[in-house]
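> Starting from these lines, generate the structure:
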Amino acid sequence: MKDGRSWPADKVERRNIKTIIPYARNSRTHSDEQVAQIAASIKEWGFTNPILVDVDGEIIAGHGRLLAAQKLGLDEVPCITAVGWSDAQKKAYVIADNKLALNAGWDDSLLKIEFKELTDLNFDVKLTGFSLEELSDLFAEEGNKYEDGKPGSMAQNYGEPPFSVLDTRKASWLEQKRAWRTLIGDDGETREDTLANGGMLGDVNNGVSLLDPVLAEIVVHWFGIKNGLVFDPFAGDTVFGFVAGTKGMTFQGIELRQEQAKLNQQRCDEAKLSCVYYNDTSENMDKYIEDNSVDLVFSCPPYADLEVYSDDPKDLSNMSHDDFFQVYKRILQNTYAKLKDNRFAVIVMGEVRGKKGSYIGTIPKTIEIMEGAGYRYYNEIVLINSAGTLPLRAGKAMQATRKVGKMHQNVLVFVKGNPKTAAEDLGEIKVDLGESDAN
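Numbers count the residues shown, from 1 in each chain. Presented below is the predicted three-dimensional model:
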C-alpha cells in the first residue's frame, strides 16, 4: 500500500507461460489479425510491456500479449503481480485498461510527419498497428469523403485520389509497389551501373531507374480501356507491359536494346500476357504500329543522358542534347498518327541539368513537341519520390550553388481530340476494391 492505495509489485518477474490464467470474463476481444500484429511488435522490439497478473497468476491486463507470446512459441513472459488488490479493483481494471487506451486521440499532422519519416527510412509501418487502409485515409485528406453519392474514399474508387500530386512514399503505395515488383521480377539487371553519379534517378529505385508499377497501374485505370491497345515507344523495362497486360490491355512496345527486349518478352510470355516487344528504334514504328490503332500511348522516355543505356549511336541516351531533342521530337510526334481519336497520351519525364548546371528544358520541350503534333496538353501530375540520399546532399548543394534537391517527376497527360468524348469512350473507372491484381 502506498498513499492509501494498492499498487502492483515493483519487480518484473518472468513466469512460465503455462502458469498464467486468462480472465474468464474478459470482455475485450482479440482478432487473429491483432494478435499477429502484437506478435510482430514483440518480435521487433521485445516484450516492452509486462503482463499484469494477480497473486494467483490470473491476467488483469495483457490478454493480447499472452496470445501473441503463445503464437511466437515463448516459454516465459515478463509479468508484474498486483498485490493486495480487491476483487472489485481487479474486475474494474480489466475494463479500465482497455477503455482508457481507446479514449486517447491522435494529432493527425504530427502522425503524418512521423509516418513519412518512417517510410523514408523503409521501416515496415504495419508494425505500428495501423492498417494500410487507415494510413491511406490519413494521407488522402479531402479524398476520403463520399463522392458523387458513391460510398468509399476516392483512393478506393480511383486507386489513388485523382489529384495533381501522387505521393509514392505512402505506406499503401509502397505495399502495392512491393507486390508488383515481386510479381514482375524486374530488378533492372540490364541497367546496372548506367546512372549518372548523384543523379535524381539514383534515389528513385536504388540506383536503377525503373518505372513505378503503381503509377503504371493508375495510368491504365485512369486513361486506358479494357481490351484496348496500349503502345510504349520507349519500352526499356518490363513494368508497363506487364502491368497493362495484367489489367486487361494488349501491349506493344519498342526497345532498342536486344537483351532488354528479349527479357521483357520472356517475362510477359511466362505470365501469358498479351504483350509484344519489338527490338528496334522507335523511329521505325511505322513498321510495327498501324495508324489509328492505339487506345493509349504511355511512355517514360530516356531523361536525355542522365542515364546512358548503351553505346549504340541510335540510343537517345547516348546522344548530345541537340540530337536527343531532334530524335525525341520525331518519335513523340509520330505517336499522334498511331493513336485513335479521343484518346490519351501520357509521358513521364523529369528535368535534367546540362553541363553548366541549368535545366535543359525537357518538360517545356516535351509539351511543345506534343502540342506541335496536334495533342492538347490536358493534365500535369507531380509524382513525389522518396528523398533517398537527398538529405545528405541537398544542403551542401544549396549552400554551394543554390540548387534544390529534386525528388519528383512530371507525369504529362495529353489528349487527341475531345477529352469529354474520350472519357465517355473509356467508360467508368473501375478499380478492384478487394485484393489488387498484383497480390
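> switch to C-alpha atoms for all contacts and neighbour counts from now on
OK.
> Number of residues surrounding the closest residue to Asp269 other than its chain neighbours?
Nearest residue to Asp269, sequence neighbours excluded (Cα to Cα, 6 or more residues apart in numbering): Cys275, at 7.6 Å. Neighbourhood size, Cys275 [other Cα atoms under 10 Å]: 24.
> which SS state does His30 fall under?
Following DSSP: H, G, I helix; E, B strand; the rest coil, His30 is assigned to coil.
> same check, this time on Val411
strand.
> I'd like to know how many residues surround it.
If you count neighbours by other Cα under 10 Å, Val411 ends up with 24.
> With Val297 instead?
Here the number of neighbours of Val297 (other Cα under 10 Å) works out to 28.
> Report whether it is found in a strand, as I expect.
Yes. Using three-state DSSP, the assignment for Val297 is a strand.
> all strands in the stretch 51-200 of the chain, in order from the N-terminus.
Counting by DSSP state E, counting those that start in this stretch, the stretch 51-200 of the chain has strands at residues 51-53, 59-61, 76-81, 165-167.
> In JSON lines: those, plus mean pLDDT, mean neighbour count and distance to Ile254.
Output for the strands of the stretch 51-200 of the chain, formatted as JSON lines (pLDDT from 0 to 100; neighbours: other Cα atoms under 10 Å; distance: least, Cα to Cα, whole Å):
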{"stretch": "strand 51-53", "mean pLDDT": "94", "mean neighbour count": "23", "distance to Ile254": "62"}
{"stretch": "strand 59-61", "mean pLDDT": "94", "mean neighbour count": "24", "distance to Ile254": "62"}
{"stretch": "strand 76-81", "mean pLDDT": "94", "mean neighbour count": "20", "distance to Ile254": "60"}
{"stretch": "strand 165-167", "mean pLDDT": "93", "mean neighbour count": "17", "distance to Ile254": "27"}
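> want to throw the ones you listed into a markdown table with distance to Ala422?
Listed next are those as a markdown table, based on distance: least, Cα to Cα, whole Å:
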| stretch | distance to Ala422 |
| --- | --- |
| strand 51-53 | 61 |
| strand 59-61 | 60 |
| strand 76-81 | 63 |
| strand 165-167 | 23 |
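> out of the ones you listed, which comes closest to Pro22?
strand 59-61 (5.2 Å; Cα to Cα).
> on contacts alone, who are the packing partners of the closest one?
strand 51-53, helix 87-102 (3 or more Cα pairs under 8 Å, 6 or more residues apart in numbering; DSSP states H and E).
> Adding distance to Leu296, write the ones you listed out as a markdown table.
Shown next, in a markdown table, are the helices and strands packed on strand 59-61 (distance: least, Cα to Cα, whole Å):
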| stretch | distance to Leu296 |
| --- | --- |
| strand 51-53 | 59 |
| helix 87-102 | 49 |
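> So which of the ones you listed is the most surrounded?
Mean neighbour counts were taken over the helices and strands packed on strand 59-61 using mean count of other Cα atoms under 10 Å, and the top value, a mean of 23, falls to strand 51-53.
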